[in-house]
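Q: Sharing a sequence plus its predicted fold:
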Amino acid sequence: MLQIGVLNQESDNESRVALVPAGVKKLKALSVDVLVESGAGLRAGFADADYSAAGAMIVPDASAVHACDVILAVRQPSVARIARFRAGAALIGLLSPLADQALVDALINSNVSGLAMELVPRITRAQSMDALSSQGNIAGYKAVLLAAAVSPRIFPMLMTAAGTLQPTKLFVIGAGVAGLQAISTAKRLGAVVSAYDVRPAVKEQVQSVGARFIELPIDTADAQDKGGYAKAQSEETLVRQRALMAKTIAESDVVISTALVPGKPAPKLVPADAVAQMKIGSVIVDLAAERGGNCELTQPGQTIDHNGVTIIGIENLAGTVPLHASQVYSSNVVNLLSVMIDKQGAFKIDTADEIIKAVLVCHNGQLVNEMVAGTLPAVSVETGLQKSE
């Protein structure tokens, strides 16, 4: 019988779990065995007993999970851990293959098929598997709460006997899933919200959730790729964006930046001189901190005070809401598995399926993903071997 294993994350910075007990029940209905490393769900609020009640087998350490046919993770496991997986196994997780040469090498060398959840294509059939969107929703929500918690201002306008309190002005940079959720949350808290995105196509989405769309006199007609993601812009375009956004940034009490380009460092959109123009007590929450940050002054993993402006660079913001982040991520994973497991419980990697083709990084000891190969040119997509210099 097919065995699916759930890893306990190695990092102290990761509280999420790849599969929740409700997901175990759905997988058991597909006639598979589910093994869960003891304590895997504890930091997300799921005890071993919850998994046992759902039909999973709790194993005391990782060795039994390493021997499974399919291994589920949130973040990419270490190279040393991948080396202990059995040859021919499949690993599913947020693997960061566009930026992690060592991971790709480890998958190839261990003959492990890697399926990266962040590469799920943005097509209708794959919406229920879109982990970037599910985690972005959580991160956008939490970013606004963090800003509200540290800001010396309240968000809504209040008319009181002691006078009127003006609402917080909040500016969102990047109107993807995280940005749109940040806008919605900030509006619910009563802030006056504006937003900018390099992709003109998102203007209506920004307006639909109640924000004013900031339009800059820049030609960005080619700023979106066919998958709906933002494309990297030229340095000249970035310079103009920074200059034109500076006034809006200076007038804002809170700036939440979410701009990312797949496989690239985060674009620097909030320079130090723009921060210098912000009022004392202003807040920047940089959701791109894990990729270097959109703000020039962001220190990834830290919250700093820069001349009275608080800059929050917490990495893995979705992971700070681990129960619900795990719940939706687990659903993404189960929905992906549901198209890979047949009625007899057999697991198949069907490269003719456009979803599987998009998420599959390595298979049969070779790199098979052209997008990853284009980003990591040291590896050949034809052979999976290191290219000669």
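A: Arrived safely, thanks for sending. Small disclaimer: the values here were computed from a predicted structure and weren't measured.

Q: quick check: longest helix of this protein.
A: When the chain is parsed with DSSP state H, its longest helix is helix 131-150.

Q: For the stretch 51-200 of the chain, just list every one of the helices.
A: With helices called from DSSP state H, counting those that start in this stretch, the stretch 51-200 of the chain shows them at 63-66, 79-82, 101-110, 131-150, 177-188.

Q: and among these, the most buried is which?
A: Across the helices of the stretch 51-200 of the chain, averaging neighbours per residue (mean count of other C-beta atoms under 10 Å) puts helix 177-188 on top, at a mean of 24. No exception for glycine: its C-beta is placed from N, CA and C like everyone else's.

Q: counting contacts, what elements does that helix pack onto?
A: helix 131-150, strand 169-173, strand 192-196, helix 203-208, strand 254-257 (3 or more C-beta pairs under 8 Å, 6 or more residues apart in numbering; DSSP states H and E).

Q: need these in JSON lines with distance to Arg75 and mean pLDDT, can you?
A: Output for these, formatted as JSON lines (distance: least, C-beta to C-beta, whole Å; pLDDT from 0 to 100):
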{"stretch": "helix 131-150", "distance to Arg75": "11", "mean pLDDT": "97"}
{"stretch": "strand 169-173", "distance to Arg75": "25", "mean pLDDT": "97"}
{"stretch": "strand 192-196", "distance to Arg75": "29", "mean pLDDT": "96"}
{"stretch": "helix 203-208", "distance to Arg75": "29", "mean pLDDT": "94"}
{"stretch": "strand 254-257", "distance to Arg75": "22", "mean pLDDT": "98"}
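
Q: Export the ones you listed to a markdown table and append columns for distance to Thr303.
A: Output for those, formatted as a markdown table (distance: least, C-beta to C-beta, whole Å):
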| stretch | distance to Thr303 |
| --- | --- |
| helix 131-150 | 8 |
| strand 169-173 | 18 |
| strand 192-196 | 22 |
| helix 203-208 | 27 |
| strand 254-257 | 14 |
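
Q: now Asn335, nearest residue through space, not along the chain?
A: Nearest residue to Asn335 in three dimensions, chain neighbours excluded: Ser128, at 4.4 Å (C-beta to C-beta, 6 or more residues apart in numbering).

Q: Give me the neighbour count for that neighbour.
A: 16 (other C-beta atoms under 10 Å).

Q: I figured it hits Ser330, correct?
A: No. The criterion here is C-beta atoms under 8 Å, and Ser128 misses it with Ser330 at 11.8 Å.

Q: now Leu297: how far from Ile284?
A: 8 Å (C-beta to C-beta, to the nearest Å).

Q: Equivalent analysis for Leu94, please.
A: 25 Å.

Q: Now for the nearest residue to Thr185 once chain neighbours are set aside: which residues touch it?
A: In space, Thr185 comes closest to Val144 once its chain neighbours are excluded; the distance is 4.2 Å by C-beta to C-beta, 6+ apart. Counting by C-beta atoms under 8 Å, 6 or more residues apart in numbering, Val144 makes contact with Leu170, Ala182, Thr185, Ala186, Leu189, Ile256, Val285.

Q: roughly how far apart are Leu238 and Ile4?
A: Counting by C-beta to C-beta, the gap from Leu238 to Ile4 is 44 Å.

Q: ok, now which ones touch the residue sitting nearest the centre point of the chain?
A: Nearest to the geometric centre of the chain sits Leu132, at 4.5 Å (C-alpha atoms, centre = their mean). Residues in contact with Leu132 (C-beta under 8 Å, 6+ apart) are Met117, Glu118, Val120, Val177.

Q: okay, now the second one: neighbour count?
A: So the one you mean is Glu118. 17.

Q: Verify the contact between Asp353 and Val339 for me.
A: Yes. At 6.7 Å, Asp353 and Val339 qualify as touching, with contact defined as C-beta under 8 Å.

Q: how about the chain, which residue sits the furthest from its center?
A: Relative to the centre of the chain, and counting by C-alpha atoms, centre = their mean, the farthest-placed residue is Ala161 at 44.6 Å.

Q: any idea how far it is from Ile154?
A: Distance from Ala161 to Ile154, counting by C-beta to C-beta: 16 Å.

Q: Would you mind giving the orientation angle of the helix or strand of the chain with the lowest mean pLDDT with respect to strand 192-196?
A: Every helix and strand of the chain was ranked by mean pLDDT, DSSP states H and E. The lowest is helix 235-251, at a mean of 83. Using axes from the mean of the first three to the mean of the last three C-alpha atoms, to 10 degrees, the interaxial angle of helix 235-251 with respect to strand 192-196 works out to 170 degrees.

Q: Just checking the distance from helix 235-251 to the centre of its chain.
A: With C-alpha atoms, centre = their mean, to the nearest Å as the basis, helix 235-251 stands 25 Å off its chain's centre.

Q: can you check stretch 329-347 too?
A: How far stretch 329-347 lies from its chain's middle: 21 Å, per C-alpha atoms, centre = their mean.

Q: same check, this time on stretch 190-209
A: The answer for stretch 190-209 is 20 Å, by C-alpha atoms, centre = their mean.
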